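# any chance you can model this:
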Amino acid sequence: MRAGKEEQHRGWRAPPVLIWLAVLLALPELVLQAADLGLFGSARWRPLAYQNFAFWVGLLHDWRPNYAIQPYSMFVTYSVLHGGFGHLIGNLAALFVLGPIVIDQAGARGFLAVWLLSVLGGAVAFGLLSSSAQPMVGASGALFGLAGAWLAWDGQEARRARTSLWPVANRVAGLVLLNLALWVLQGGRLAWETHLGGFVTGWIWAMWIAPSSRKTLSNLPE
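Numbering: from 1, shown residues only. This next block holds a predicted model:
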């Protein structure tokens, strides 16, 4: 009985890559929250962080950057900033749900690959499809990339097993409805373009990685 409990306990342990990524995502928001509350620093830290590290569509056009590489670095740096504690908690919850699924299929390196590519894909889609003058922040583009990879693999398995694709289609429809509901609740301020770009990037990456390659990736020493 004790051995069984130990096995169950080990089964719930989060992979180290998820812990480190969660720290990377949480630390900036925790610092900004403390500054907002006046515990240290200044309440100006949050607007300064957004000004320098969020994604600004205007920087792809005629806006003047604060530093030379900002129009390029923002394609990555936006993903470690959040719009508040609730935004962060929601994304961390999704990370710990979707992350283990992708890690189980492709290993930590494959997980990091789809994460980074989806961060970039989400930013590219936002830059192409949005004309917003507001900053875009958050890791949700990468999270939708994880969801895209998961659903693409489920679709592949269904085709190989010659079973119905309706469960996959239903999950995709659920994500569309989720985005629609969030868009309405947030008064149209949802960066659905980033979600779409991340999802498509994750889906394409997953379709490109053959099952044998996924097995090799997941068995590499971490």
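# all contacts plus neighbour counts: C-alpha atoms, from now on.
Fine.
# any idea how far the most centrally placed residue in the chain is from residue 183?
Geometric centre of the chain, nearest residue: residue 142, 2.3 Å, by CA atoms, centre = their mean. As judged by CA to CA, to the nearest Å, residue 142 and residue 183 stand 18 Å apart.
# any idea how far the residue nearest to the centre of the chain lies from residue 64?
27 Å.
# nearest residue to residue 171 in space, please, no chain neighbours.
residue 151 (7.8 Å; CA to CA, 6 or more residues apart in numbering).
# surely the one you found touches residue 203?
Yes: Residue 151 lies in contact with residue 203 (CA atoms under 8 Å); the separation is 7.4 Å.
# strands of the protein, start to end?
For the chain, no strands turn up when DSSP state E is the criterion.
# show me where it has its helices.
2-11, 16-36, 45-53, 70-77, 85-129, 140-161, 166-185, 192-208, 211-218 (DSSP state H).
# so what touches stretch 13-24?
80, 92, 95-96, 99-100, 108 (CA atoms under 8 Å, 6 or more residues apart in numbering).
# mind redoing it with 10 Å?
25-26, 30, 80-81, 88, 91-93, 95-96, 99-100, 103-104, 107-109, 111-112, 222 (CA atoms under 10 Å, 6 or more residues apart in numbering).
# dump the residue contacts of residue 95.
Per CA under 10 Å, 6+ apart, neighbours of residue 95: 18-19, 21-22, 89, 101, 139-140, 142-144, 146-147.
# so which of those residues is the most crowded?
residue 146 (33 neighbours; other CA atoms under 10 Å).
# related to what we said a few turns ago, nearest to residue 194, of the contacts of residue 95?
residue 140 (7.6 Å; CA to CA).
# contact partners for that closest one?
For residue 140, counting by CA under 10 Å, 6+ apart, the contacting residues are 79, 82, 87-88, 90-92, 94-95, 118-119, 122, 146, 191-192, 194-195, 198-199.
# can you tell me which of these are buried?
79, 82, 87-88, 91-92, 94-95, 118-119, 122, 146, 191-192, 194-195, 198-199 (16 or more other CA atoms under 10 Å).
# got a list of what the nearest residue to residue 195 once chain neighbours are set aside touches?
What sits nearest to residue 195 in space, not counting adjacent residues and going by CA to CA, 6+ apart, is residue 141, at 4.6 Å. Each residue near residue 141 by CA under 10 Å, 6+ apart is listed here: 79, 115-123, 125-126, 147, 191-202.
# from residue 156, how far out is the nearest residue in space to residue 46 that is not next to it in sequence?
Leaving out its chain neighbours, the residue that sits closest to residue 46 by CA to CA, 6+ apart is residue 32, at 5.7 Å. Distance of residue 32 to residue 156, given as CA to CA: 42 Å.
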